[in-house]
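*Asks:* This is a predicted model, with the sequence first.
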Amino acid sequence: MSVDDQPIKRPIRWHILVFLAPAFLVYTAFMIVPLAGTLQLSLFRRIDQQLVYVGLDNFRMLFGDPRWSVNFWNALWNNCWFFIIHMLVQNPIGVLLAALLSSPKLRFRAFYRTAIFIPTILSFVIVGFVWKLILSPLWGVAPNLLDLVGLKSLFTPWLGKEEYALTTLSLISVWQFVGIPMMLIYAALLSIPDEVIEAAECDGITGLSQFWKIKLPLILPSIGIISILTFVGNFNAFDLIYTAQGALAGPNFSTDILGTFLYRAFFGFQLQLGDPNMGAAIATMMFFIILAGVCVYLFAIQTRLRRYQF
Amino acid sequence: MGSLTIENVRKSFGKVDVLKGIDLAVEDGEFVVFVGPSGCGKSTLLRVIAGLEDATSGKVLIDGVNVVATPPAKRGIAMVFQTYALYPHLTVRDNMGLGLKQAGTPAAEIDKRIGIASTMLSLEPYLQRRPAELSGGQRQRVAIGRAVVREPKLFLFDEPLSNLDAALRVNTRLEIAQLHRRLKATMIYVTHDQVEAMTLADKIVVLNAGKIEQVGAPMELYNSPANEFVAGFIGSPKMNFLDAARLGDSQAKTVGVRPEHLSVNTSSGAWKGTVVHAEHLGADTNLYLDCEKAGLITARIFGVYNAEPGATLFATPDPAKTYRFDANGQTLR
Amino acid sequence: MSRATSSPARSIGAHAVLIGYTVIALFPVVLIVINSFKSRNAIFRSPLSFPTPETFDPVGYTTVMAQGDFIQYFQNSLVVTIGSLFFVILFGAMAAFALSEYRFRGNTLTGLYLALGIMIPIRLGTVAILQLMVASGLVNTLTALILVYTAQGLPLCIFILSEFMKTVSDDLKNAGRIDGLSEYRIFFRLVLPLVRPAMATVAVFTMIPIWNDLWFPLILAPSEGTKTVTLGAQIFIGQFVTNWNAVLAALSLAILPVLILYLIFSRQLIRGITSGAVK
């Protein structure tokens, strides 16, 4: 190797470090370290004012000890139901609204878009209370409205009945968030080039069959993303239940989901004292559930949903 | 002053070698064009000269000084980009003046240079406008003006005409040629279009797969290509390459004849074939012939030539302008 | 093409469905706001009618103003939201620029590391965050909230902005380098102005969940002096459950600022979403 062939020495590019450092540090200190800390904390228990390493004991308790496990499995199942309702109701409504919004030459498009998105920007606190008031038999807005269409007999205090409360809350959450799937699918529909649609028109594929055969396959990746965003959001939900039903997620824990369960475990409620280690164990389980969902999405679903280049 | 010497420059991105040892000398005042297919490394080489890309090894000397560790602004170069790259928030005047201001040139001097450059490129009416208010051709002239005011040792052009439409491309090509004549500056110009290369260059550098295939004046490359690649790349329509064995030439692997060096005849000639298709361009006619001996070849006939598909024709190459290549693709002389 | 492909029947149907859903989306909000201006009797007697001169009664608002320290809560929310927003955008844009502009060892890895937080919610670290804040004496300070929200907002911000920064012409940045601009000036003077629309989108995305969050104010800063509007409204409503006027007024007060901000920025937000910022 002659001298000429020596690789050229470059000065260290400090500016890269300067650009990256602030974000990296804040993110690491307040997100990654606490997450790792939570995972670690779930392996310890406070015994006689001493933190003792107990291995997976906390998890054994969470799954097996009736004091915890009944609530845990209940919260997990409720959370799954919460998610199922979202998938079954939110996505079809979102697709329908987006498809209508993207129809050519629609007037007042901007108005519809803006209006339907409004619930999404409201805080859970507001949404929870608003619906609590509307559904309250005291005020009587809901029965009055049902009376207008002659269905007053169907009314019942949905939020107060064990068998309806969770489904009602899920639907309220759908009401709040349907704007997001609508917008994302609307964006996906807009990105389909006019030529493709025009070609379909020329081939005689119009109306509904055009939607099923041309548009739906092209927006499937967006529906995939919405599903995973919904999954993460649902298994992390807390505020709506907490506002509408309180930390006890009544009636009789029928609306208890992992978020409210974590909150009670961590801070205690009524007579039970807070237990940070059990809280950490629950948070760890939520972490793994969400991670599993994200992995299923990334490796099983996303690789199969083809993204088309236009 | 503005000479450039490149010694054994290599560049790799990870495991991919983009430049595999480039040596080149450019003299003061020369107009040099780098030409080659996309991915051949011509743009990378230009960016290494500009200092926008670090060479993995090797030397780049501008006026005899090795500049590999010098930042782009200090190399005495100016560059015109394919996408114009005008600063969208600055007026034409400020776009042209920014580099000088950054270097601490006195305001009076900046004004003077902008004045000269804008007259030269007829940009005076637009000095207060922003890039969004200009047409494509005007934007490219501003980009050229921005290079001119720097009074660089080297002008670098990175496919400056690719984003212009065909008519404007011819005009701007002419302007660049005049600019070179007026400024007598050293210019290095990258393009994938061999017509631009032939019309502008004092010297063409043909690159392929990270290596220089041949360096020479336009007509030198046309008349005596060093190898099969250059022979095929320069000239349009492309040179016909025929299997030498089928023509009874045992020394060569491939024989090359340019379409314009074939003559056709309805009664007799070297290669008998049938007309597959005829393209009538007015000034000349391109005939595609399927020949028994030579395979599918193109012949370019000057003027109008009427031939129906399916008709039988005889093609005869001009023996003085026939090229022979060995198994490695090198020209046999 | 549309004349041959659209029929009036279909267009009426589309409008019917969209109007129907718009009513469903807006009805609860409108209901709360109109009733907040009515007297208690009117609220119960005719909840669906607009306030008339006879039924108009701002008693709810006077109760809210007298009881809760809403101005203070509002200020707290403003400080937290704007502070977090500033750091998310600044740090996020810087990191996004570094990741999208420079080739360096560990680039992809750093990008993946920073993207992790898009999928994994920061709430799961609450137990350890609270311990950290207790240890550093930041409990019941707005700083604690700002730090946490900055960390929470960064991943999505970096992800979106680096996609956008990739679209800023390389030629432009290189022209800047040839003109002698430093990397910092290229970032602040050339790149930032060009990604301003994307930054506005990120700002709206970041702002809404911060303003609306209940979890962290409840856990990290529940003291009277540091309550945010969301937490304040939650607690206030909990205490005044039976005072319908006050509850409705408090809800309206919590809705209006967000609504106004949304109407100002909705164009930006919708353009951001539909331009494929969030794919």
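*Replies:* Perfect, I can see it now.

*Asks:* in what helix or strand does the residue most central in space within chain A lie?
*Replies:* Geometric centre of chain A, nearest residue: A:G233, 1.7 Å, by C-alpha atoms, centre = their mean. In the assignment (DSSP states H and E), A:G233 maps to helix A:216-234.

*Asks:* Show me what from the stretch 101-250 of chain B comes close to chain C.
*Replies:* By C-beta under 8 Å from any C-beta of the partner chain, the residues of the stretch 101-250 of chain B that approach chain C are B:Q102, B:A103, B:R146, B:D158. Heads up, the C-betas are built off the backbone N, CA and C, glycines and all.

*Asks:* For the first one, grab the count of nearby residues.
*Replies:* By other C-beta atoms under 10 Å in any protein chain shown, the residues close to B:Q102 number 15.

*Asks:* Not including adjacent chain positions, what is the nearest residue to it?
*Replies:* Once flanking residues are discounted, B:Q102 sits nearest to C:G180: 4.1 Å by C-beta to C-beta, 6 or more residues apart in numbering or on different chains.

*Asks:* gap between that neighbour and B:Y288?
*Replies:* Distance from C:G180 to B:Y288, counting by C-beta to C-beta, to the nearest Å: 54 Å.

*Asks:* Could you do A:A98 as well?
*Replies:* 51 Å.

*Asks:* separation between the closest residue to B:S122 other than its chain neighbours and A:T114?
*Replies:* The shortest distance from B:S122 to any non-neighbouring residue, by C-beta to C-beta, 6+ apart, is to B:R141 (7.6 Å). Here B:R141 is placed at a distance of 44 Å from A:T114 (C-beta to C-beta).

*Asks:* which residues touch the residue nearest to B:S122?
*Replies:* B:L121, B:S122, B:L123, B:T172, B:E175 (C-beta atoms under 8 Å, 6 or more residues apart in numbering or on different chains).

*Asks:* Show the buried residues in the residues you listed.
*Replies:* B:L121, B:L123, B:T172, B:E175 (16 or more other C-beta atoms under 10 Å in any protein chain shown).

*Asks:* which of the residues you listed sit farthest apart?
*Replies:* Spanning the widest gap among those are B:L123 and B:T172, at 13.3 Å by C-beta to C-beta.

*Asks:* Strands of the stretch 201-333 of chain B, residue ranges please.
*Replies:* Assigned by DSSP state E, counting those that start in this stretch, the stretch 201-333 of chain B shows strands spanning B:203-208, B:211-216, B:240-243, B:254-257, B:262-265, B:271-280, B:284-291, B:295-302, B:312-317, B:322-325, B:331-332.

*Asks:* In the longest one, which residues are buried?
*Replies:* Translated: strand B:271-280. Judged by neighbour count using 16+ other C-beta under 10 Å, the buried positions of strand B:271-280 are B:W271, B:G273, B:V275, B:A278.

*Asks:* so which of these are also by chain C?
*Replies:* Among the buried residues of strand B:271-280, no residue sits close to chain C (C-beta under 8 Å from any C-beta).

*Asks:* Pick the one among the residues you listed closest to chain C.
*Replies:* The closest of the buried residues of strand B:271-280 to chain C turns out to be B:A278 (C-beta to the nearest C-beta; 38.0 Å).

*Asks:* Give me the pLDDT for residue 276.
*Replies:* No chain was given, so I picked chain A. On the pLDDT scale, A:P276 is placed at 84.

*Asks:* I was thinking of chain B, sorry if that wasn't clear
*Replies:* On the pLDDT scale, B:V276 gets 93.

*Asks:* and what of A:I16?
*Replies:* Note on A:I16: pLDDT of 92.

*Asks:* Now for residue 206, how many residues are close by?
*Replies:* Looking at chain A here, since you left the chain open. Per other C-beta under 10 Å, the neighbour tally for A:T206 reads 14.

*Asks:* Let me rephrase: I mean chain C.
*Replies:* Each residue near C:T206 was counted by other C-beta under 10 Å, and the total is 24.

*Asks:* host element of it?
*Replies:* helix C:196-212.

*Asks:* Residues contacting that helix, please?
*Replies:* Residues from elsewhere that reach helix C:196-212 (C-beta under 8 Å, 6+ apart): A:120-125, C:77, C:80-81, C:84-85, C:88-89, C:92-93, C:149, C:152-153, C:156-157, C:160-161, C:164, C:192, C:228-230, C:258, C:261, C:265, C:268-269, C:271-273, C:277-278.

*Asks:* Quick one, which of those residues are buried?
*Replies:* Neighbour counting over these (16+ other C-beta under 10 Å) leaves A:120-125, C:77, C:80-81, C:84-85, C:88-89, C:92-93, C:149, C:152-153, C:156-157, C:160-161, C:164, C:192, C:228-230, C:258, C:261, C:265, C:268-269, C:272-273, C:277-278 as the buried ones.

*Asks:* got the residues of chain C near chain B?
*Replies:* Checking chain C against chain B by C-beta under 8 Å from any C-beta, the hits are C:103, C:169, C:171-172, C:174-181, C:190, C:193-194.

*Asks:* most neighbours, which of those?
*Replies:* For the residues of chain C next to chain B, neighbours tallied by other C-beta under 10 Å; top is C:A175, 30 neighbours.

*Asks:* can you pull the contacts of that residue?
*Replies:* C:A175 makes contact with B:M79, B:F81, B:A85, B:L86, B:Y87, B:R146, according to C-beta under 8 Å, 6+ apart.

*Asks:* Determine which two of those are furthest apart.
*Replies:* Using C-beta to C-beta, the contacts of C:A175 reach their maximum pairwise distance at B:M79 and B:Y87, which is 14.1 Å.

*Asks:* Any stretches of the stretch 151-279 of chain C with poor pLDDT?
*Replies:* Of all residues in the stretch 151-279 of chain C, those with pLDDT under 70 make up the ranges C:272-279.

*Asks:* Tell me the residues on it that lie near chain A, please.
*Replies:* Selection of the stretch 151-279 of chain C residues close to chain A by C-beta under 8 Å from any C-beta yields C:151-152, C:154-155, C:158, C:182-184, C:187, C:208, C:211-215, C:219, C:230, C:233-234, C:237, C:244, C:247-248, C:251, C:254-255, C:258-259, C:262-263, C:266, C:269-270, C:273-276, C:278-279.

*Asks:* could you redo the last one with a cut-off of 7 Å?
*Replies:* C:151, C:154, C:158, C:183-184, C:208, C:212, C:214-215, C:230, C:233-234, C:237, C:251, C:254-255, C:258, C:262, C:266, C:270, C:273-274, C:276, C:278 (C-beta under 7 Å from any C-beta of the partner chain).

*Asks:* I'd like to know which of these are buried.
*Replies:* Buried among these (16+ other C-beta under 10 Å): C:151, C:154, C:158, C:183, C:208, C:212, C:214-215, C:230, C:233-234, C:237, C:251, C:254-255, C:258, C:262, C:266, C:270, C:273-274, C:278.

*Asks:* still on that earlier bit, with neighbour numbers in mind, choose between A:A98 and B:Y288.
*Replies:* A:A98 (23 against 19).

*Asks:* any idea how far whichever residue of the stretch 151-300 of chain B sits closest to chain A lies from chain C?
*Replies:* Nearest residue of the stretch 151-300 of chain B to chain A, counting by C-beta to the nearest C-beta: B:G210, 15.9 Å away. For B:G210, the distance to chain C equals 19 Å [C-beta to the nearest C-beta, to the nearest Å].

*Asks:* Phi and psi next, for that residue.
*Replies:* The phi/psi pair for B:G210 (degrees, to the nearest 10) reads phi 80, psi 10.

*Asks:* Please tell me I have it right and it contacts B:K20.
*Replies:* Yes: B:G210 lies in contact with B:K20 (C-beta atoms under 7 Å); the separation is 4.2 Å.

*Asks:* Neighbour count: those two, which is higher?
*Replies:* Between B:G210 and B:K20, counting by other C-beta under 10 Å, B:G210 is the more crowded of the two (22 against 15).
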